[in-house]
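*Asks:* Mind folding the following:
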Amino acid sequence: MADPDLHALAPEVTAWPGNADVDWDSFDSEAYFEHNYGHLRREDAEIIRIVADHFAKYGPQRWRANAIDVGSGTNLYPALTMLPFAGQVTLYERAFTNCTWLTGQLVEPADSWHQFWQSISDGRSEYLQVAEPWELLHSRAEVVRGNVLALRPGQYDMGTMFFVAESITTRVDEFRRATRHFVGSLTSKAPFAAAFMRDSSGYIVAGKSFPACSITEKHVERCLAPLAYIEDIQVVDSSDLREGYCGMIVATGRRR
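*Replies:* Numbering: from 1, shown residues only. You can find the predicted model right below:
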């Protein structure tokens, strides 16, 4: 059953466009990258601070064989935050265009990622010890095509999911399923970080519209609580990335 404050007046969940209704293989990867990650934005620097500090605290406790970034899209910085702590990082992505783009970036990363790595490594010894982050990313990362709603449980020792669960559907039941599949794919006590667009009404990439589910930090907390030890949920101020959203949400914690 959907949360009472989401789609309360709608007759049934299945009436709203869902993940399966979207032609994800038409996603314009280069346009999305240039708009969102062509340079380091203030809000991404704040998200990096939260996430890198979280992993710097939990990551070194033990070596983690397998990490996953769910729905990587055209974003490498979630994977970079896990890079010093895991032997393999799976970039798990549904869109064929994004998979192709990611594969190319592992060979020849865009210049802007150097700004992101500088922000990640700044003042954090675990990251500063990585002398060649791009070579290490190339050797440890693997692009895997897959749907978040098909993730198998208990497979990964650490994980990230940025701007995915609420940005692949208008349906709150699918948002919840995607978030819980992500956390469920982790092993017990595995650290994770997840980011969400707050109150998103959808987004446009190269003239094509894509769906979103309008959620707040309360919905994230309700969704995570049964499966995770939540360390923190923070709202990051943001208003000028595009129209139709009200900030960003960052949740950090560990799998129960």
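*Asks:* rest of the way, CA atoms for contacts and neighbours
*Replies:* OK.
*Asks:* Assign a three-state SS to Val143, would you?
*Replies:* The local conformation at Val143, judged by DSSP: H, G, I helix; E, B strand; the rest coil, is strand.
*Asks:* burial of it, as a residue count?
*Replies:* Counted with other Cα atoms under 10 Å, the neighbours of Val143 add up to 19.
*Asks:* what sits against it?
*Replies:* Thr90, Leu91, Tyr92, Glu93, Cys99, Leu102, Thr103 (Cα atoms under 8 Å, 6 or more residues apart in numbering).
*Asks:* In CSV: those, plus pLDDT and distance to Glu243.
*Replies:* Putting these into CSV (pLDDT from 0 to 100; distance: Cα to Cα, whole Å) gives the following:
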residue, pLDDT, distance to Glu243
Thr90, 98, 31
Leu91, 99, 28
Tyr92, 99, 27
Glu93, 98, 25
Cys99, 98, 27
Leu102, 98, 26
Thr103, 98, 30
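*Asks:* Out of those residues, the closest to Gln118 would be?
*Replies:* Leu102 (20.2 Å; Cα to Cα).
*Asks:* got a winner among the contacts of Val143 for most neighbours?
*Replies:* Leu91 (27 neighbours).
*Asks:* Assumed Leu80 was part of a strand.
*Replies:* No. Counting by three-state DSSP, Leu80 is located in no strand; its state is helix.
*Asks:* That one reaches Leu136, doesn't it?
*Replies:* No. Applying Cα atoms under 8 Å as the test, Leu80 and Leu136 come out as separate, 9.7 Å apart.
*Asks:* so what's the backbone phi/psi at His114?
*Replies:* phi -70, psi -40 (degrees, to the nearest 10).
*Asks:* Can you get me a residue count around it?
*Replies:* Using other Cα under 10 Å: His114 sits among 15 other residues.
*Asks:* Mind checking which of the contacts of Val143 are in strands?
*Replies:* Counting by DSSP state E, the contacts of Val143 place Thr90, Leu91, Tyr92, Glu93 in strands.
*Asks:* now those in TSV, with distance to Val220?
*Replies:* Below are the ones in strands among the contacts of Val143 laid out as TSV (distance: Cα to Cα, whole Å):
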residue	distance to Val220
Thr90	24
Leu91	23
Tyr92	21
Glu93	22
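*Asks:* Which residues are in contact with the nearest residue to Trp101 once chain neighbours are set aside?
*Replies:* Spatial nearest neighbour of Trp101, excluding adjacent residues (Cα to Cα, 6 or more residues apart in numbering): Ser29 at 6.7 Å. Shown in contact with Ser29 (Cα under 8 Å, 6+ apart): Gly73, Thr74, Thr97, Asn98, Trp101.
*Asks:* Which of the residues you listed ranks first by neighbour count?
*Replies:* Result: Asn98 is most packed of the contacts of Ser29 (other Cα under 10 Å), 27 neighbours.
*Asks:* Leu80 and Leu136: which is more packed in?
*Replies:* Leu80 (25 against 16).
*Asks:* Identify the residues contacting His181.
*Replies:* His181 neighbours (Cα under 8 Å, 6+ apart): Val148, Leu149, Ala150, Leu151, Arg152, Pro153.
*Asks:* Against Glu43, how distant is it?
*Replies:* Separation of His181 from Glu43 (Cα to Cα, to the nearest Å): 26 Å.
*Asks:* go on, Thr74?
*Replies:* 17 Å.
*Asks:* what does Met82 give?
*Replies:* 19 Å.
*Asks:* next one: Ser239
*Replies:* Taking Cα to Cα, one finds Ser239 at 10 Å from Glu43.
*Asks:* Give me the more crowded residue out of the two.
*Replies:* Using other Cα under 10 Å, the more surrounded residue of Ser239 and Glu43 is Glu43, with 16 against 13.
*Asks:* Thank you kindly, that will do.
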